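1. got a predicted model here, sequence first, then my questions.
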Amino acid sequence: MTKNVAVIRGDGIGPEITEQAIKVLDRIAEIYGHSFKYINVDMGGCSIDKWGVPLTEEMLDKCINSDSVLLGAVGGPKWNDVPSHLRPEKGLLKLRAGMGVYSNNRPAKIWNQLSDSSPLKKEIVDKGIDFIIVRELIGGIYFGEHKTENCDGIEKATDVLTYTSKEIERIGRIGFETAQKRNKKLCSVEKSNVLDSSRLWKKTMESLAKEYIDVELTHMLVDNCAMQIVKNPSQFDVIVTENMFGDILSDEASMITGSIGMIPSSSLGATSCGLYEPIHGSAPDIAGKDIANPIGIILSAAMMLRYSFDMNDEADCIEKAVSAFLDKGYRTADIMPPNGEFILVGCKECGKIITENLVKE
Ligand code: IPM
Ligand code: MN
């Protein structure tokens, strides 16, 4: 199969980790007889420097017309002072909205080999951590009106949070369908004791539940959920939540699995053209030092093969190669325990070893 992959290297550690994912994809193409064509797309700070905006219409079109988009990371302190509508992050939001990818899937799964890296107590980790956060990605406060005004000498900033029942329903369905493919437990997370949008969220989930009688639906307030994720993460199978709550909870969930550097994500909408990115940021403090962990983006590439290209064997092959990397005792700095017999490797070496571990079964 030939697939056109739009590749956004972005800023900070983005380019160096993306290079490793491409190495892996090239080897997969060789082993399985596919051809991946890469289309370079500028987005984020590098696009601001080159084109004056974080994402041009031409670049967005390249993404929309590709078979899928693979993204490193965007942003950095260099662009902290640009006007808010030009920030690198705005490029990412424009891309997500432009592609219509409303459903963001973020797995929180602990790798056996890394159970010692979790900051949680062993007895909590041993009960198992394996859940998915389904985050609504193109609505809510991220996309409401934003403004800063001066009212009689006092600065006033406003961000509006809106959801329609239609937006809630389409992400709710993804939540239920994801649960149907797993342990059939869906936890809908909101703040219905305070927010109207959350009350609509809860009501919409309750009415959808009638169509998915095989799934057990529960409701949880977001503050309680933040607590339960560290207290008893094994209770969760699938969490479905709105954009900002999902942003915050997915960082928390990633941390209890050891390192945010390990976590991939997929974002899908009405078509098979998805956006695949690690959930970590551009980590400007470690950029260019060859110490970043490329596993988040490598696993994102695996998700791209599985969910957009229907290449399940190829995706399994990548995941096994990552597991073999860990089994052999290799660790990048973020997952290196203070003691134990592990081999510290840099970003390039990590990509190289994972590539060498790829074998067709
Ligand atoms: C993420 C990031 C983004 C978000 C930022 C960079 C806009 O934190 O993908 O989680 O908040 O969605
Ligand atoms: Mn985030």
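-> Yep, that arrived. Ligands and ions are numbered 1, 2, ... in the order given.

2. got the residues of the stretch 151-300 of the chain near ligand 1?
-> When proximity is defined as CB under 6 Å from any ligand atom, the stretch 151-300 of the chain approaches ligand 1 at 247, 279. Every residue, glycine included, has its C-beta placed from N, CA and C.

3. wait, what's in contact with the closest residue to ligand 1 within the stretch 151-300 of the chain?
-> Closest to ligand 1 within the stretch 151-300 of the chain is residue 247: 4.4 Å, counting by CB to the nearest ligand atom. Contact partners of residue 247, counting by CB atoms under 8 Å, 6 or more residues apart in numbering, are residue 135.

4. helix/strand/coil for it?
-> With DSSP: H, G, I helix; E, B strand; the rest coil as the basis, residue 247 sits in helix.

5. grab the nearest non-local neighbour of whatever residue of the stretch 51-200 of the chain ends up closest to ligand 1.
-> Using CB to the nearest ligand atom, the point where the stretch 51-200 of the chain gets nearest to ligand 1 is residue 89, with a distance of 3.9 Å. What sits nearest to residue 89 in space, not counting adjacent residues and going by CB to CB, 6 or more residues apart in numbering, is residue 75, at 5.7 Å.

6. now residue 129
-> Using CB to CB, 6+ apart and skipping the chain neighbours, the partner closest in space to residue 129 is residue 110 (4.3 Å).

7. counting neighbours, what do you get for the one you found?
-> 20 (other CB atoms under 10 Å).

8. and for residue 49?
-> By other CB under 10 Å, the residues close to residue 49 number 12.

9. residue 123 too?
-> Neighbour count of residue 123, defined by other CB under 10 Å: 7.

10. might you report the residue contacts of it?
-> Taking CB under 8 Å, 6+ apart as the definition, residue 123 has no contacts.

11. how near is it to residue 312?
-> 35 Å (CB to CB, to the nearest Å).

12. still on that earlier bit, element containing the residue of the stretch 51-200 of the chain closest to ligand 1?
-> Following DSSP states H and E, the helix or strand that holds residue 89 is helix 88-99.

13. ditto for residue 321
-> With DSSP H and E as criterion, residue 321 is part of helix 312-327.

14. on that earlier part again, just read off the phi/psi values of the residue nearest to residue 129.
-> Main-chain torsions, residue 110, degrees, to the nearest 10: phi -90, psi 130.

15. what packs against the helix holding residue 321?
-> Here helix 312-327 touches helix 14-32, helix 295-307, helix 347-356, going by 3 or more CB pairs under 8 Å, 6 or more residues apart in numbering; DSSP states H and E.

16. now do the helices in the stretch 151-300 of the chain.
-> For the stretch 151-300 of the chain, the helices defined by DSSP state H, counting those that start in this stretch cover 165-180, 196-209, 222-231, 243-256, 295-307.

17. longest strand in the protein, please.
-> Secondary structure of the chain per DSSP state E: the longest strand is strand 2-10.

18. what angle do helix 88-99 and it make with each other?
-> With axes from the mean of the first three to the mean of the last three CA atoms, to 10 degrees defining the directions, strand 2-10 sits at 160 degrees from helix 88-99.

19. pLDDT on strand 2-10, on average?
-> For strand 2-10, the mean per-residue pLDDT is 98.

20. quick check: closest non-adjacent residue to residue 11.
-> residue 45 (4.3 Å).

21. typed the wrong thing, it's residue 235
-> residue 228 (6.6 Å).

22. who's the residue nearest to residue 281 when sequence neighbours are not counted bridged to?
-> Nearest residue to residue 281, sequence neighbours excluded (CB to CB, 6+ apart): residue 73, at 5.5 Å. Here residue 73 sits in beta bridges with residue 10, as judged by DSSP bridges.
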